[in-house]
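K.L.:
predicted structure and sequence below. I'll ask about it afterward.
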Amino acid sequence: MTSWLDESIDDPNLKQSVQDLIKAFPASSRVIERMVRYYDNKPSDREAKRRKVEENNISSDEVFRILDLSFQLPARKKYNLIITRTRLLLHNPKSDIIEFQYNLDDFSPDGGACVPSPDKATKCNTYTLFLKSEDCLVFSSQDKVDVILQKPNTKDEMLTTDKHQTISNLLSQHTRVKITHPSKEFFHSTGISSSTGKVLEDKSHVLAYLKAKDGFLFFLPTGILFGFKKPTLFFPIDSLASTVITNITQRTFDLTLTLKPNCQVLGSAGFRTTKEGDNDTVQFSMIEQSEYGGIEAYSKKIGVNDNSMAEERKAVVTKTEEDQKDQDSTNNIANIEDEDSENDDDFEPSDGENEPLEYDTDADDDDDDEDTERDTTQQNHMFIDEDDDEEDLLDEDDD
């Protein structure tokens, strides 16, 4: 244990901390040793991203080069893209230095794409090539600008028409990475223009946010592409377990991609998925409500389950809520019974057959009032009749 610690760690405090950790957890010794040796052999991020080759001469195994392509990743510069039998090189024409080089075996066979560049003043296409372990290459070419293709011992070729398809074919053939284009058979936009109110049928992307970063989602025949700032990501179809629509509002919704176990997201180094139970997920937010139809149709087309209505995602009714509902039902029944009996609180049923029937006391009071009123009316009539008789007698005396 001491030997590899002494070789790899110069800081005495750090070395002592590692020794204390291994002493407390002996089983961790092997893992810590492997991790230390891994970082010993791995070049720094700066060296990995910006490998500068001092030799200016390209080896004789060059297959072709495409001049003056605008790159967004790994750096925002113009490079000559050079393909040899074993490597892909990015050559800076100003400094005449190869700033980046990659082994062709380091590229993933998935994730290669050529898509229309969104929100560009001049019409152009954007290409992606993903490495197996880290980062990706992103570059573009304009429709109106001719592209120069050079091959050894041949005259320069000017790509004017169908340049995007020609570049795609060259990359697919010599890098062994299939370059995929958007297909309306897989994704047909249902987004609506805010200015005209019409469906944007020719649009092949969806605006979305990954946390605080905005970007574009492309639903391709081979998977889902998100770009083109960092992080630029690709989710192969065979890595997707399900999709979930959440946080639906009047204008937007969120799309969560659930990944299959042990599946890797291709793209920018340092990107981390979100754990949701045992599953790795990635959530894209603030997608326009009108885009739902196209995304749903895409999920069905590629055979990925939509778990938006799964049982585990429905609202859970707790025991307390159930008890409260039962109590409310009981209280409602009790209130109805109280209303039926509140006007006759004195009612007591009798077991005796000869006892007089009990009656409503309020009703009895009403009957007494009616009898009193009737007697009063009769007495008034009698007084009136007596007065009439006295008046008749007086009249007779006068006579």
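P.N.:
Yep, that arrived. Numbers count the residues shown, from 1 in each chain.
K.L.:
element containing the residue sitting nearest the centre point of the chain, please.
P.N.:
Residue closest to the average C-alpha location in the chain (C-alpha atoms, centre = their mean): Leu255, at 2.7 Å. Using DSSP states H and E, Leu255 maps to strand 252-259.
K.L.:
re the thing from before, tell me which element the closest residue in space to the residue nearest to the centre of the chain that isn't next to it in sequence is part of?
P.N.:
Nearest non-adjacent residue to Leu255, counting by C-beta to C-beta, 6 or more residues apart in numbering: Phe284, 4.8 Å away. Every residue, glycine included, has its C-beta placed from N, CA and C. Assigned by DSSP H and E, Phe284 belongs to strand 279-288.
K.L.:
ok, residues contacting that strand?
P.N.:
Applying C-beta atoms under 8 Å, 6 or more residues apart in numbering, the contact partners of strand 279-288 are 191-192, 206-210, 217, 226, 233, 235, 241, 246-247, 251-259, 263, 265, 273-275, 295.
K.L.:
just give me the longest strand of the chain.
P.N.:
strand 62-73 (DSSP state E).
K.L.:
for it, what is the average pLDDT?
P.N.:
Averaging pLDDT along strand 62-73 gives 95.
K.L.:
wait, doesn't Tyr79 sit right on His91?
P.N.:
Yes. Assessed by C-beta atoms under 8 Å, Tyr79 is found in contact with His91 at 6.1 Å.
K.L.:
specify which residue of the two has the higher count of neighbours.
P.N.:
Taking other C-beta atoms under 10 Å, Tyr79 and His91 do not tie; Tyr79 has more neighbours (24 against 20).
K.L.:
can you tell me the SS state at that one?
P.N.:
strand (DSSP: H, G, I helix; E, B strand; the rest coil).
K.L.:
do you know how far it is from Val177?
P.N.:
18 Å (C-beta to C-beta, to the nearest Å).
K.L.:
quick revisit: can you list residues touching both of Tyr79 and His91?
P.N.:
Common contacts of Tyr79 and His91, defined by C-beta under 8 Å, 6+ apart, comprise Glu99.
K.L.:
per-residue confidence averaged over the helix or strand hosting Tyr292?
P.N.:
Per DSSP H and E, Tyr292 falls inside helix 292-302. Helix 292-302 shows a mean pLDDT of 93.
K.L.:
need the buried ones from the contacts of strand 279-288 selected in ChimeraX.
P.N.:
Applied in ChimeraX, the following selects the buried portion of these according to 16 or more other C-beta atoms under 10 Å:
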select :191,206,207,208,210,217,226,233,235,241,252,253,254,255,256,257,258,259,265,273,295
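K.L.:
quick one: buried residues of the longest strand of the chain?
P.N.:
If you call a residue buried by 16+ other C-beta under 10 Å, then strand 62-73 has these buried ones: 62, 64-67, 69-73.
K.L.:
pick out the most distant pair among those.
P.N.:
Glu62 and Gln72 (24.5 Å; C-beta to C-beta).
K.L.:
what about stretch 140-149, how long is it end to end?
P.N.:
15 Å (C-alpha to C-alpha, to the nearest Å).
K.L.:
closest one to Pro26 out of the buried residues of strand 62-73, please.
P.N.:
Leu73 (43.3 Å).
K.L.:
quick one: contacts for Asp278?
P.N.:
By C-beta under 8 Å, 6+ apart, the contact list for Asp278 reads Pro261.
K.L.:
mind checking pLDDT for it?
P.N.:
At Asp278, pLDDT is 85.
K.L.:
how about the one 3 residues further on?
P.N.:
What the model reports for Thr281 is a pLDDT of 94.
K.L.:
Val36 belongs to a helix?
P.N.:
Yes. Membership of Val36 in a helix is supported by three-state DSSP.
K.L.:
I'd say it and Trp4 touch.
P.N.:
Yes. Contact status for Val36 versus Trp4: in contact at 6.6 Å, counting by C-beta under 8 Å.
K.L.:
ok, Lys120 - contacts?
P.N.:
For Lys120, counting by C-beta under 8 Å, 6+ apart, there are no contacting residues.
K.L.:
do the one 10 residues further on as well
P.N.:
If you count contacts by C-beta under 8 Å, 6+ apart, Phe130 has them with 107-108, 110-112, 136-137, 234, 266-267.
K.L.:
ok, for it, nearest residue in space, not its chain neighbours?
P.N.:
Gly111 (3.5 Å).
K.L.:
repeat that for Asn92.
P.N.:
Glu99 (5.2 Å).
K.L.:
tell me the secondary structure for that neighbour?
P.N.:
strand.
K.L.:
and it, what pLDDT?
P.N.:
Note on Glu99: pLDDT of 92.
K.L.:
got the end-to-end distance for stretch 143-154?
P.N.:
End to end - C-alpha to C-alpha - stretch 143-154 spans 25 Å.
K.L.:
next one: stretch 240-254
P.N.:
Across stretch 240-254, first to last residue, C-alpha to C-alpha, it's 17 Å.
K.L.:
chain center to it: distance?
P.N.:
Relative to the chain's own centre, stretch 240-254 is displaced by 5 Å; criterion: C-alpha atoms, centre = their mean, to the nearest Å.
K.L.:
could you do stretch 17-26 as well?
P.N.:
Worked out by C-alpha atoms, centre = their mean, stretch 17-26 lies 41 Å from the chain centre.
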